[in-house]
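Trainee: structure for this input, please:
(chains A and B)
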2 protein chains.
Amino acid sequence: MADVARLSINTATLHRLTLREAIEACARAGIAGIAPWRDRLQECGVAEARRLLRTHGLRVSGLCRGGMFTSAGWLDDNRRAVDEAAEIGAECLVLVVGGLAAGSKNIADARRQVRDGIAALLPYARAAGMPLAIEPLHPMYAADRACVNTLAQANDLCDALGEGIGVAIDVYHVWWDPSVEREIERAGRRILAFHVCDWLVPTRDLLLDRGMMGDGVIDIPRLRERVESAGYRGALEVEIFSAENWWNRPAEEVLRVCKERIATVC
Amino acid sequence: MADVARLSINTATLHRLTLREAIEACARAGIAGIAPWRDRLQECGVAEARRLLRTHGLRVSGLCRGGMFTSAGWLDDNRRAVDEAAEIGAECLVLVVGGLAAGSKNIADARRQVRDGIAALLPYARAAGMPLAIEPLHPMYAADRACVNTLAQANDLCDALGEGIGVAIDVYHVWWDPSVEREIERAGRRILAFHVCDWLVPTRDLLLDRGMMGDGVIDIPRLRERVESAGYRGALEVEIFSAENWWNRPAEEVLRVCKERIATVC
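Mentor: Sure, this is the predicted structure:
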């Protein structure tokens, strides 16, 4: 199974904690990495977050998130996200690309906007040395969060856009895809992040009912082995949105279980 | 927009009605077609249902459903479904193929079981003259309902299995798919059914929060035109699982709105 030394905690997993609290909880638990969300980062202050991360020696496996290229004001906001990611030493900026524009039913058009948006952001990200990681989201989020719904689409975008861009693979979003193994191989060295959680049966909410690794039906080791065969050596980032379960437990318990499950079922 | 004469009502849309009540409601509303679910059909009795359908001159655009090839007893149950479909003169038997077997995390294996199951059922269906319609289900149902999640997969199965098999295309399940238009063209004359409803934003439940056509984000006319360009001339079947909204309204209102929306937004 997987090496706990590669574990990183996405702050969505510790929803009720401030970034300072999450950093300190990870450090106490002997966890080497963290991936903040921007709302928590901004609440903490970027400079203060940078200081805390250095003090505790945490790697930053990614910043969540840029993207939302079909919403107003996307370019300025994404440039700020690149700056923030660079300032805290994030290994990539994760892009959740956005869904349909307001009032639109044209998903092909949304996909064109996303491609053009990433192309427009990319020179800025390259200049900052910040890799952009396109995260394909599960098709159930196509309307309102991300119209890039398969790894094949993300790989196509990378092919079209050139250097400085890669993919973030979250098992929750891609496990069902008949072409996922082929597309992981195709992504190869462009895999910038690997996120784990589990798909529960039944799933009671489209957003906030993700499972702890091992509690659902995803064959996580198979996917981890594939990304490693493709060359990925980065963090195993745990991102669990769980309003009715894990968010209500003490951080120490959540982190202890994450460590156990990385070692035993991932 | 679409021709109301092609409208068929899937009985899931009239969840609270018996099959007799649904048949009579459709007939009163001047609707030409219906597609029963098997639980309602069996409750009514197949012979009695056949009599009622003939009395009211309703076409039967499909029987829902066979499939579930990863569950125990699937072969006998599917043969009964073929018999029932033939007895009521259904135009096809819709297959919801089943998800992961109990306790399994091996979706590739589930997909092999489905292929083998359909292959085993097919001679019986051919002998009965009953076309089997593989319905790809949205990826959010991959674990527990259907591991065929794209039209490409369904088309691949048809290619592998030969005569007597086709696809049922429900806009709810395929609208997000970047390859859906290409795969509709590929399906061509194998399109045996076309189901409509809408994807609501937000969607509050994975199963029971489908929308009335026009209330969501699916570009239904685009998909209808594509299936027609591919040669489809069959029914437009409305299947709306809506526990909090449409299931609570009088059947007369639901059917009136279905007719309006077929004529105005489909």
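Trainee: buried set for stretch A:206-217?
Mentor: Buried residues in stretch A:206-217, defined by neighbour count with 16 or more other C-beta atoms under 10 Å in any protein chain shown: A:206, A:209-213, A:215-217. Heads up, the C-betas are built off the backbone N, CA and C, glycines and all.
Trainee: so of those residues, which ones are in strands?
Mentor: In this view, those have no member that belongs to strands under DSSP state E.
Trainee: now the two most distant members of those residues.
Mentor: The most widely separated members of the buried residues of stretch A:206-217, counting by C-beta to C-beta, are A:Leu206 and A:Met213 (19.8 Å).
Trainee: give me the residue from the stretch 151-266 of chain A nearest chain B.
Mentor: The minimum distance from the stretch 151-266 of chain A to chain B, using C-beta to the nearest C-beta, falls at A:Trp176 (3.7 Å).
Trainee: so what's that residue up against?
Mentor: Each residue near A:Trp176 by C-beta atoms under 8 Å, 6 or more residues apart in numbering or on different chains is listed here: A:138, B:107, B:139, B:142-143, B:147, B:149.
Trainee: and A:Asp144, what does it touch?
Mentor: A:99-100, B:201-202.
Trainee: change it to 7 Å
Mentor: Counting by C-beta atoms under 7 Å, 6 or more residues apart in numbering or on different chains, A:Asp144 touches A:99, B:201-202.
Trainee: what are the phi and psi values at it?
Mentor: When read as degrees, to the nearest 10, the backbone of A:Asp144 gives phi -120, psi -10.
Trainee: for the stretch 151-266 of chain A, just list every one of the strands.
Mentor: Secondary structure of the stretch 151-266 of chain A (DSSP state E, counting those that start in this stretch): strands located at A:165-170, A:191-196, A:236-238.
Trainee: include distance to B:Pro250 when you put these into a markdown table, please.
Mentor: Putting these into a markdown table (distance: least, C-beta to C-beta, whole Å) gives the following:
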| stretch | distance to B:Pro250 |
| --- | --- |
| strand A:165-170 | 44 |
| strand A:191-196 | 47 |
| strand A:236-238 | 49 |
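Trainee: next helix or strand past the longest helix along chain A?
Mentor: For chain A, the helix that runs over the most residues, judged by DSSP state H, is helix A:107-128. Scanning forward in sequence from helix A:107-128 by DSSP states H and E, the next helix or strand is strand A:132-134.
Trainee: who touches A:Lys119 in this structure?
Mentor: I think there's a mix-up here, since residue A:119 is Ala and not Lys. For A:Ala119, the contacting residues are A:Leu161, taking C-beta under 7 Å, 6+ apart as the criterion.
Trainee: chain B contacts on chain A?
Mentor: If contact is defined as C-beta under 7 Å from any C-beta of the partner chain, the residues of chain A in contact with chain B are A:100, A:105-107, A:138-140, A:142-144, A:149-150, A:153, A:176, A:178, A:199, A:201-203, A:206, A:217-219.
Trainee: just the buried residues of these.
Mentor: Among the residues of chain A next to chain B, the ones that count as buried by 16+ other C-beta under 10 Å are A:100, A:105, A:107, A:138-140, A:142-144, A:149-150, A:153, A:176, A:178, A:199, A:203, A:206, A:217-219.
Trainee: need the strands of the stretch 151-266 of chain A in TSV (columns: mean pLDDT and mean neighbour count).
Mentor: As requested, those are exported to TSV (pLDDT from 0 to 100; neighbours: other C-beta atoms under 10 Å in any protein chain shown):
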stretch	mean pLDDT	mean neighbour count
strand A:165-170	98	26
strand A:191-196	98	26
strand A:236-238	98	27
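Trainee: sorry, back to before: model confidence for the residue of the stretch 151-266 of chain A closest to chain B, exactly?
Mentor: At A:Trp176, the pLDDT value in this model is 98.
Trainee: for it, which non-adjacent residue is closest in space?
Mentor: Distances taken as C-beta to C-beta, 6 or more residues apart in numbering or on different chains put B:Ala142 closest to A:Trp176, at 3.7 Å, once the chain neighbours are dropped.
Trainee: quickly list what A:Leu93 is bridged to.
Mentor: Here A:Leu93 sits in beta bridges with A:Leu63, A:Leu132, going by DSSP bridges.
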